[in-house]
Structures are given as structure tokens and as C-alpha cells.
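*Asks:* task: produce atomic coordinates for the following.
(one chain, ligands or ions: 2)
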Amino acid sequence: MFKRRSKIFEIEKDSGFATRVLMLSMPSALVFMMLVALHLLPSSIAIMAYASIVLFNLVWLFPITFELQQLKKYIFKLSQDSSVDIDNMYMSESETQDIIDAINEMHHFWSNKAEMLEAQAISDTAVLDSLPDPIMMIDKNGSILGANAASHKLLGKNITERKIEEIITSNNFINAVARVVRQESDAENLIFYVSKSQEENDDDEKKLYAHIKRLPWVSKGRAVAVISIYDLTKALKIEKMQSDFVANASHELRTPLSIISGFIETLQTTAKNDPESQKTFLRIMSEQAGYMATLIENLLSLSRIELNQDSPPEDKIVIEPIVDDVVKALSLKANERNIKFNVNIPKQIPSITADPAQVRQLLQNLCDNAIKYGEEGKDIKISIKQHDSVPLSTSHVVASGPAVAISVNNHGSLIGSEDINRLTERFYRMQAHKDKNIRGTGLGLAIAKHIIIRHHGNMKISSTKRNGTTFTVYLPVEQPKN
Ligand SMILES: Nc1ncnc2c1ncn2[C@@H]1O[C@H](COP(=O)(O)OP(=O)(O)OP(=O)(O)O)[C@@H](O)[C@H]1O
Ligand SMILES: [Mg+2]
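*Replies:* Numbering: from 1, shown residues only. Ligands and ions are numbered 1, 2, ... in the order given. Okay, here's the model as predicted:
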């Protein structure tokens, strides 16, 4: 470690070198003084002998003092973690070398340990930050010692070293934390509410579940408890959506059912002998039964698609024959409103990985809408183009790579921006169309949306006076690989 170097010896002023030489020479000085006093030795010889002892001590103590000084410097520098320039050191004693070796070994051991701890702390932080739910550590005063990224997202950026009760003001929560910190309880679980942050433009409160756990006594740090929080708001929203869906579906089924029952009663009583009324009522009853059948078919369709939502399609399909098929199937309905399909498909459109039956259903729903809500006598334009990518979505994952864009355009009643955002909600129908008594279950676009999500695609809707209403569906050429 240390090399012998012929460098000029330098001893610091406070090294105690002179004192040490004097102290070591003191006993011999006393002996010589006594010998001179007793006339056993001439004073000149005593002085010479004493001088040679002092000189010997000087020569003997110098390297020890020097090396002690070097050792002091070395340990000081090591403790500061600065790099030690060992070339400038001069070591001659083997004991000093042994001490240095021992110090080096100890330093090496602790540096490795510190590096390991640092790496461990970094990976622990990364793991905690990757958790979707907030996790915090508090000390015995309720101050937050550490919080993961999800906590900062939920409760704000500067929460560390602040008191937990300043951040979460729910009384139930504060009391539960106090019970754990005061060692009255090992763990507490509770549900509490906080108001939503300003970015979330929702007036409702957030419903949160907290688990507060006291750390075992063996943990010697400042942390006494860990608080983990789960956001129940989303689950609650899904629950509400499900109950709304059941309520809507029952309502939609109950209306035609009550119409049919009403007419059955009329046919059995007042219209018993009126063939003309019977004919009209039976036609209405058949329409209502047809509507119920469509509604049930759409509901089943929706649940089937949702069931398969997570298994991406695998077939390679060409879109052109599917479009032809849909156009043929709807031509009768289109003729009734004097509408023609104007299809434009370039030759070089690539085949895509998709579920052919679902793509057919998706196009059929869009074209059916274009016929129903488009202006009588105006053409419906269907065009297909190649695209570099599927536009990104904030609600679901889209595939990367090239895509095919299928647009269905019609002229007729325009859709306002507020309605555009809600069209794919189940049972959502524009008031204007309900008022005009245009029949529909309000599920066609919800089905389209779920098909698109399963295909990792996207849909854009535009509605302007000049260009009419266009629904453009982007489907990726390749599905993402798992
Ligand atoms: N091309 C369009 N032009 C204007 N409004 C449209 C168009 N397509 C859909 N809409 C509006 O969006 C609503 C939802 O459409 P969706 O296809 O989901 O249901 P629907 O057509 O009412 O019923 P279904 O398709 O189940 O028979 C429609 O009721 C209508 O108000
Ligand atoms: Mg529809």
C-alpha cells in the first residue's frame, strides 16, 4: 500500500516531537547530573554522553513521529472518503505497515457494505415507487419519513417531514394512526374520505381504504408505522356503472313489454271485435317484440365481446369483402331512405390481424347509424386508407405500427361536442333522435367501442356542417405481441 519514498521529511508543529525527545532524554539527564554532582564523572564527558543520547533519541523518535503523523492523515482522509495519495507517504516500520493493511481491509469491508446498502435502498425505492398504491412511513410523532411516488400523486409533492394529520384530516384516520403509534393497537384498517385534488374536475370525494401497521420492535430506525392506502373510487365507479347498466337494461326491456301487455289486454277487451284495430295493434306488438329481440341480442353481443376483451384476435383478414358484405346487407334499408353507398377502397390496402365477424359487426353498426341518422337521399361515403399508426387513446392501450383507417361519412343532423364524448356510453342516445322517434337501443356504438378496444385500435368522430358526420375507425395491421 505504502511505498518507501525518499521524500523530504516534514513534521507538523503540533506533532509533539520535541516534547517526546525531551521526555525520553530526561531520565539520562538526571543520572548524568547526579554523577557529575557526586564527582563520579567529569562534566564535559557527561555533556557529551547526554548529547549523544539526545541525538540517538532524535534519530530514533523521528520516523515513529513521522509515521504516526502519516497514519493520522491517512485515516482522516479515509474518513472523509477522499482519495488518498499513497505515493506521497513514507513508511519504514513493519508495524505501521500492518496497521495500514488492517485499516485498508476495514475500509474495504465498510465501503462494500455501504455500496450494498446504497444499492439496496435504491432498488427498494424503485420497487415502492412502482407500486400503484400509496405507501408511507411515519415516526412516533406522526411525521412522514418516506413516501412512494403514488403517495405524492395522491397527497401532494411536499409531504415528507410533514405531520400526517396535516395532510389527511379525516378524524377516523387520525385516531387510527394515533392508536397504532401509541402502541394501543398493532394494526388498524378503515375506510375514509378525502376531497379530490383540483386537477380532477370532479366534485365528489375520494373513497380510500387505509391499512396502518406498527413495525416490529426489531426495526431500529425512526419509523414506527407503515400506512398503505388503496383508492376505492374507481371500483366504486365500476360498481355504479354496473348497477346503472342493469337499471337501464331493465328499463329498456320493461317499456316494450308494458306496451305489448297493454295491447294484449285491449285485444282481449275493447278491440275484441274490431279487425282494423287488431291489425294495427298486432303490427305495433310485433315491432316492440322485434325491438326486445334486438335489445337482448345487443346485450348478449356486448357481454360476449367483453368476455373476450383480453384475448387479441389472430386471423389475417382483408377488409374489402367485409365492406361489400355489409353494404349488400344494408342496401334494402338504405333504399327505403333513397340512400346509396359510395365505396372507395384503394388497391394496396394491407390485410389486418382481426376478428372478421367483429369487424363486420362494427362496420354494420356504423353504416346502420349513417342510414338512420343521415339525410334522406344523400350518399354515404365509405373510404379506407392506410395510416402510419393508430392515434393514441387516454382510455385504453393501442397497438403500435401501421394501421388501416375505415371511415363512414353521412350528411344529416350534426352531433355537438358534448354528445360526441358520450356517444359510446351504453344506452346513450341523442335527445333529438329520441324526440324524432328514431328507433334504437343505444348499444350499437358501445359494441363498436369494445370491438375497437379488443383490437387495440381507436375511433375518432367529427361532425361539421361542411363535411357532415364521419366516424373513422383505426385498426392496427398487427396486434401487439405478448
Ligand atoms: N351518424 C350519426 N349521425 C348522427 N347521430 C348519430 C350517428 N350515429 C350515432 N348517432 C347518435 O348516437 C346515438 C348512439 O348510437 P348507437 O348506435 O349506439 O345507438 P342507436 O343507433 O340509438 O341504437 P342501436 O344501434 O343499438 O340500434 C344514436 O342514438 C344517435 O343519437
Ligand atoms: Mg346504432
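*Asks:* ok, Ser43 touching Leu35?
*Replies:* No. Ser43 is beyond contact range of Leu35, at 9.4 Å (criterion: CB atoms under 8 Å). (Each C-beta comes from the backbone N, C-alpha and C, glycine too.)
*Asks:* so these two - more neighbours on which side?
*Replies:* Leu35 (16 against 13; other CB atoms under 10 Å).
*Asks:* which element is that one on?
*Replies:* helix 17-37 (DSSP states H and E).
*Asks:* before we move on, what about Leu41?
*Replies:* Here Leu41 is assigned to no helix or strand, by DSSP H and E.
*Asks:* residues in contact with Phe173?
*Replies:* 190, 192, 210 (CB atoms under 8 Å, 6 or more residues apart in numbering).
*Asks:* torsion angles phi and psi at whatever residue of the chain ends up closest to ligand 2?
*Replies:* Here the chain gets closest to ligand 2 at one residue, Gly444, 2.8 Å apart by CB to the ion. Dihedral angles of Gly444 (phi, psi; degrees, to the nearest 10) stand at phi -60, psi -50.
*Asks:* just the mean pLDDT for stretch 390-408, thanks.
*Replies:* Averaging pLDDT along stretch 390-408 gives 94.
*Asks:* what's it in contact with?
*Replies:* Residues contacting stretch 390-408 (CB under 8 Å, 6+ apart): 319, 323, 349-350, 352, 363, 366-367, 369-370, 380-389, 453, 455-458, 460, 470-480.
*Asks:* what residues sit buried inside it?
*Replies:* Across stretch 390-408, burial judged by 16 or more other CB atoms under 10 Å covers 390, 393, 398-399, 403-408.
*Asks:* about what we covered before: helix, strand or coil for the residue lying closest to the residue of the chain closest to ligand 2 once chain neighbours are set aside?
*Replies:* Once flanking residues are discounted, Gly444 sits nearest to Asn365: 4.0 Å by CB to CB, 6 or more residues apart in numbering. Here Asn365 is helix, with the state taken from DSSP: H, G, I helix; E, B strand; the rest coil.
*Asks:* contact partners for Asn365?
*Replies:* 444-445, 447-448.
*Asks:* is the nearest residue to Tyr373 once chain neighbours are set aside in a bridge, and if so with what?
*Replies:* In space, Tyr373 comes closest to Gly412 once its chain neighbours are excluded; the distance is 5.6 Å by CB to CB, 6+ apart. Per DSSP bridges, the residues bridged to Gly412 are Gly374.
*Asks:* give the contact list for Gly412.
*Replies:* 373-375, 378, 468-469.
*Asks:* just the buried subset of these, please.
*Replies:* 373-374, 378, 468-469.
*Asks:* ok, so of these, who is nearest ligand 1?
*Replies:* Lowest distance from ligand 1 to the buried ones among the contacts of Gly412 (CB to the nearest ligand atom) belongs to Tyr373, with 3.5 Å.
*Asks:* so that closest one makes contact with Leu414?
*Replies:* No. Judged on CB under 8 Å, Tyr373 makes no contact with Leu414 at a distance of 10.0 Å.
*Asks:* overlap of the contact sets of these two?
*Replies:* Thr469.
*Asks:* which regions of this structure sit below the pLDDT cut-off?
*Replies:* The chain contains residues with pLDDT under 70 at 1-9, 81-93, 196-204, 218-220.
*Asks:* show me the contacts for His211.
*Replies:* His211 neighbours (CB under 8 Å, 6+ apart): 187-189, 227-230.
*Asks:* Leu232 now?
*Replies:* Leu232 touches 191, 207-209, counting by CB under 8 Å, 6+ apart.
*Asks:* what do you get if the cut-off is 7 Å, keeping everything else the same?
*Replies:* Residues counted as contacts of Leu232 (CB atoms under 7 Å, 6 or more residues apart in numbering) are 207-209.
*Asks:* so how many other residues sit close to the nearest residue to Ala370 once chain neighbours are set aside?
*Replies:* Computed as CB to CB, 6+ apart, the closest residue to Ala370 that is not its neighbour in sequence is Asn410, at 3.9 Å. Number of residues near Asn410 (other CB under 10 Å) recorded here: 24.
*Asks:* cool, the one 3 residues further on as well?
*Replies:* Neighbour count for Ser413, taken as other CB under 10 Å: 16.
*Asks:* same question for the one 4 residues further on.
*Replies:* The local packing count at Ser417 equals 8, with neighbours defined by other CB under 10 Å.
*Asks:* could you measure from it over to ligand 1?
*Replies:* 13 Å (CB to the nearest ligand atom, to the nearest Å).
*Asks:* Gly442 too?
*Replies:* Gly442 is 4 Å from ligand 1, by CB to the nearest ligand atom.
*Asks:* and Gly440, by the same measure?
*Replies:* 2 Å.
*Asks:* picking that back up, just the buried residues of stretch 390-408: which are in strands?
*Replies:* 403-408 (DSSP state E).
*Asks:* which of those residues sits closest to Glu287?
*Replies:* For those, the closest approach to Glu287 (CB to CB) belongs to Val408, at 26.3 Å.
*Asks:* show me this structure divided up by domain.
*Replies:* 13-109, 131-231, 234-307, 313-482 (automatic domain parsing).
*Asks:* pipe those domains into JSON lines and attach distance to Asp124 per row.
*Replies:* Formatted as JSON lines, the domains of the chain follow (distance: least, CB to CB, whole Å):
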{"stretch": "domain 13-109", "distance to Asp124": "22"}
{"stretch": "domain 131-231", "distance to Asp124": "10"}
{"stretch": "domain 234-307", "distance to Asp124": "27"}
{"stretch": "domain 313-482", "distance to Asp124": "29"}
